[in-house]
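[1] need a 3D model of the sequence below.
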Amino acid sequence: MRILGKRSLAASLKFLVDLTYYLVLVFGVLIILIVAAAPFLTRGKFETQIPVSFELDRDAYSIRSPELDIEDAQILEAKGQLQVKGVRFGRLAEQIAFLAVLLAITLLILRRLRAILSTLKQGTPFVPANVSRIRTIGILTIAVEIVSAAMTMWWAYQVTGPMRTTGLHFRTTFDLGGWGIFAGAILIVLSEVFRIGAEMKGDLEAARAIQFQLVPSPDFANGKIQIHCHMRPANTVGGDYYDMIPLSQDTVGIVVGDVSGKGMPAALLMTMLQGSLKTLISAGMRGEVLIQKMNDYLVRNTPENKMVTLFFGELNTTTGELAYTNAGHNPPLLLRASGQVQALDSNSLVLGLLPIACFTTDRVTLEPGDRLIIYTDGIVEAANKRDEEFGESRLRDFAVSRAKRPAPRFQEELYETVLAFCRPRHPVDDMTMMIVERLDSSGPMKHADGKGAIAVS
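    As a prediction, this is how the structure comes out:
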């Protein structure tokens, strides 16, 4: 959420709290100095108002109402402000100490609130430090109420104790502010919510690290084939999947998948997909048989509302021949060295949907200088504030206009373009991309920046 132009709500709140902190500091110190200087300005005496409770002597008044047939009424307790003139400054030290304590507590609360808003501005509010900060604010809020009530009671007792008046009896009470105590208790409870959230966040961060350890290195090279991959979950963990699996000395399996949904459920299903795929490949299965077995496994072991789109290809790193099955996945773009663009459309049903499904293998050859871009729908379905999607046509135009960019730079610029298109929104789905290149037979491919891509055998 954004207010005040481009400033986010968290940034605006932090600015206001920062401003409040310095104003409280300056005016608090100024008030303490004024109180300390008061004896020199008032010759040792001053006028003040003290909150008190009092009772009236029952014999000093009479309350009747003939209209309501009320013969007698009694005032049990009354509260008000006692205005006192000529109080000596013998109690001044206590007043200054009270103001100093109140100022210190207020500044402590604001400092911790500033730190909390800083983490919120960075998008990471569920951190262990915020648990203690929120709990401390709650405790200090309650402490302010208790200290204020105690100091007010003590000050009223010191002034009204020696007073004598006919028909009026003063009493000092320990009057706590209910809303302050309630707010402090709510904050203490909220700190427990943040503690649980911080623990869950820690678990998610650990799951994210494990997820990225399960996928291979983003860069792969064999012969004249180079592959660069990148995965960007929308949340801490995601349901996208990529892999490069050596099948033989000159054949590599390339995989890009997208599990329906986001977050931890999708990540768990993605992990199951990866494990079953590698197990079936280790068992010697290839091509349509492999995909059919994958589908059977997913149908039996996944909820009915979950499915997987998958692009699986067996790429000959010597000849550039690619045998692929596109199971409901977004059509990869094959950019020819000649400038033509070919889409490898879906040729099979998504996985995990029907137990009986037919899967087809098509073939295409990557010629020297060609580039194959495989991606997930988080890129093309990223929408802006007008609910316009980035779309396949924009992706195609971007890919053609930057066909000579090195793969890592191409991927970075594409993500920046998608994020700029969505702004001020953020993409709500995972984004993953695999770029497969076959280098020119004459040597390393020369990119627009003049650098050569080195093929590693």
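[2] bridging residues for residue 56?
    residue 168 (DSSP bridges).
[3] how close does it sit to residue 34?
    37 Å (CB to CB, to the nearest Å). C-betas here are computed from N, CA, C, even on glycine.
[4] next one: residue 82
    22 Å.
[5] tell me which of residue 56 and residue 34 has more neighbours.
    Set side by side, residue 56 and residue 34 show more neighbours around residue 56, with 15 against 10, by other CB atoms under 10 Å.
[6] wait, the more buried one touches residue 76, no?
    No. Between residue 56 and residue 76 there is no contact under CB atoms under 8 Å: 9.6 Å.
[7] between the two, which contacts overlap?
    Counting by CB atoms under 8 Å, 6 or more residues apart in numbering, no residue touches both residue 56 and residue 76.
[8] the residue most central in space within the chain sits in which helix or strand?
    Centroid-nearest residue in the chain: residue 123, 4.3 Å away (criterion: CA atoms, centre = their mean). Using DSSP states H and E, residue 123 falls within no helix or strand.
[9] please report the distance of it from residue 261.
    The value you get for residue 123 to residue 261, if CB to CB is used, is 22 Å.
[10] how many neighbours does residue 79 have?
    When neighbours are defined as other CB under 10 Å, residue 79 has 11 of them.
[11] for the host helix or strand of it, which strands pair with it and how are they oriented?
    Assessed by DSSP H and E, residue 79 sits inside strand 78-88. In the sheet, strand 78-88 lines up against strand 45-56 (antiparallel) (DSSP bridges).
[12] name the nearest residue to residue 151, sequence neighbours excluded.
    The shortest distance from residue 151 to any non-neighbouring residue, by CB to CB, 6 or more residues apart in numbering, is to residue 98 (4.7 Å).
[13] wait, isn't the one you found in contact with residue 147?
    Yes. With contact defined as CB under 8 Å, residue 98 counts as touching residue 147 (7.5 Å).
[14] what's near enough to touch residue 122?
    Residue 122 neighbours (CB under 8 Å, 6+ apart): none.
[15] if I look at it, how far off is residue 116?
    11 Å.
[16] after the strand holding residue 79 comes which helix or strand?
    The element immediately downstream of strand 78-88 (helix or strand, assigned by DSSP H and E) is helix 92-121.
[17] only the buried residues of that following helix, if you could.
    Using 16 or more other CB atoms under 10 Å as the test for burial, helix 92-121 gives 92, 95-96, 98-99, 102-103, 105-106, 109-110, 112-121.
[18] do stretch 256-269 as well
    256, 257, 258, 259, 260, 261, 262, 263, 264, 266, 267, 269.
[19] now pLDDT, secondary structure and distance to residue 391 too, for these, in a markdown table please.
    Formatted as a markdown table, the buried residues of stretch 256-269 follow (pLDDT from 0 to 100; DSSP: H, G, I helix; E, B strand; the rest coil; distance: CB to CB, whole Å):
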| residue | pLDDT | secondary structure | distance to residue 391 |
| --- | --- | --- | --- |
| 256 | 93 | strand | 19 |
| 257 | 89 | strand | 22 |
| 258 | 88 | strand | 17 |
| 259 | 84 | strand | 22 |
| 260 | 80 | coil | 20 |
| 261 | 70 | coil | 22 |
| 262 | 71 | coil | 20 |
| 263 | 71 | helix | 25 |
| 264 | 74 | helix | 29 |
| 266 | 76 | helix | 23 |
| 267 | 77 | helix | 27 |
| 269 | 81 | helix | 27 |
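[20] quick check: the two most widely separated of the residues you listed?
    Within those, 256 and 264 form the most distant pair, 20.8 Å apart (CB to CB).
[21] just the helices in this protein please.
    Applying DSSP state H to the chain gives helices spanning 9-42, 92-121, 128-160, 178-214, 263-282, 287-301, 377-380, 391-401, 407-422.
[22] and residue 331, which of these is closest to it?
    Of all the helices of the chain, helix 391-401 comes closest under CB to CB, at 7.6 Å.
[23] looking at the buried residues of stretch 256-269, which is nearest residue 380?
    For these, the nearest to residue 380 is residue 258 (11.5 Å; CB to CB).
[24] hang on, the closest one packs against residue 381?
    No. With contact defined as CB under 8 Å, residue 258 does not count as touching residue 381 (10.6 Å).
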